[in-house]
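# Sequence and predicted structure below; questions after.
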Amino acid sequence: MNSPDIYFPNLGIEVAKLHREAFSLFGLDVYWYGIIITMGIMIGIYLSGREAKKTGQSVDIYYDFAIIVILCAFVGARLYYVAFKWEDYKDNLLKIFAIREGGIAIYGAVIAAALTAIIYTRVKKIKFGLFVDTIIPSLILGQAIGRWGNFFNKEAFGGYTNNLFAMAIKKDVASYIPDSLVGKDVLYKGVSYIQVHPTFLYESLWNLMVFLILIFYKRHKKYNGELLVLYLIGYSLGRVWIEGLRTDQLLIAGTNMPVSQLLSAILLICATIYEIYKLLSKKRLTNNV
């Protein structure tokens, strides 16, 4: 009896074969991860351009920004990962450029994109708040799509669970076996699996929810830049929870604290305080009129 690479025991779903490689081109493997990330980027660019057109802005400004920010975000994602995995790279710096071996982090991309947007809007002399509000819904949707790359890589999962969305990965195809799951095999069709939280799925669904909230709320926003603030609140809130479930966290050196969880908590607090301040200021201004 053939055993699937992945199955969801409580949903009755089986995935017979799940290959990282989509196809080969000129002798090089093209991975599903890259295809899905690219798909998320392209959809994001399209939606940003459409929103710019609807709000009477120059579409070219956003297309030009996309070309710049893709490169900057990719570099940022890699540097963030390397910085918190320095022990793996310090003795062989050339490994930093071995991108095909994996190792990027979404927060690095977000930070790099934010810095790029600040510089770009100043150079182009355009309003930062309106600019980021045009982009933000596309960004979070791209993140929701991009997380499915982790599914094909069989990575970014949590510890053991038997909840509704529990996912079982065949041990001999899993990207890694965390220490917390050693000796906790689940047998299915005579084959050993690890049964885990599909944290990539949690984050994808969470990001999709944040996207829908932003799309609905954008017609009611109180100030330019508010969608960015709400994105930081929404995404960070989900990441604080989900990061705590993962077994592959990047840790602050010398501690057991996941850096992305700490960063999410800081962003959540700061963004919430800023949103409250802006709303109270606007209310006070209205009352004084």
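Thanks, I have it.

# so where is the stretch 151-289 of the chain shaky, pLDDT-wise?
Applying pLDDT under 70 to the stretch 151-289 of the chain flags the ranges 285-289.

# for it, what spans make up the strands?
Taking DSSP state E, counting those that start in this stretch, the strands of the stretch 151-289 of the chain run over residues 167-170, 186-188, 191-196.

# Tabulate the ones you listed in a markdown table, adding columns for mean neighbour count and distance to Asp91.
No exception for glycine: its C-beta is placed from N, CA and C like everyone else's. Converted to a markdown table, these look like this (neighbours: other CB atoms under 10 Å; distance: least, CB to CB, whole Å):
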| stretch | mean neighbour count | distance to Asp91 |
| --- | --- | --- |
| strand 167-170 | 24 | 31 |
| strand 186-188 | 15 | 37 |
| strand 191-196 | 20 | 30 |
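
# what's the closest of those to Phe84?
Across these, Phe84 has its closest neighbour in strand 191-196 (22.2 Å, CB to CB).

# now what about that closest one, what contacts it?
With contact meaning CB atoms under 8 Å, 6 or more residues apart in numbering, strand 191-196 is reached by 3, 7, 9, 157-162, 166-171, 174, 177, 181, 184-187, 247.

# Tell me, domain by domain, which residues of the protein belong where.
1-18+158-197, 19-153+198-288 (automatic domain parsing).

# Just put the strands of the stretch 151-289 of the chain in JSON lines and tack on distance to Ser48.
Output for these, formatted as JSON lines (distance: least, CB to CB, whole Å):
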{"stretch": "strand 167-170", "distance to Ser48": "32"}
{"stretch": "strand 186-188", "distance to Ser48": "43"}
{"stretch": "strand 191-196", "distance to Ser48": "34"}
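
# one step back: type out the PyMOL command that picks the buried ones from the contacts of strand 191-196.
PyMOL command restricting the contacts of strand 191-196 to the buried ones, with burial defined by 16 or more other CB atoms under 10 Å:
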select buried, resi 7+9+157+158+159+161+166+167+168+169+170+174+181+186+247
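
# got the residue ranges for the strands in the stretch 1-150 of the chain?
Counting by DSSP E, counting those that start in this stretch, the stretch 1-150 of the chain has strands at residues 6-8, 13-15, 21-25, 28-31.
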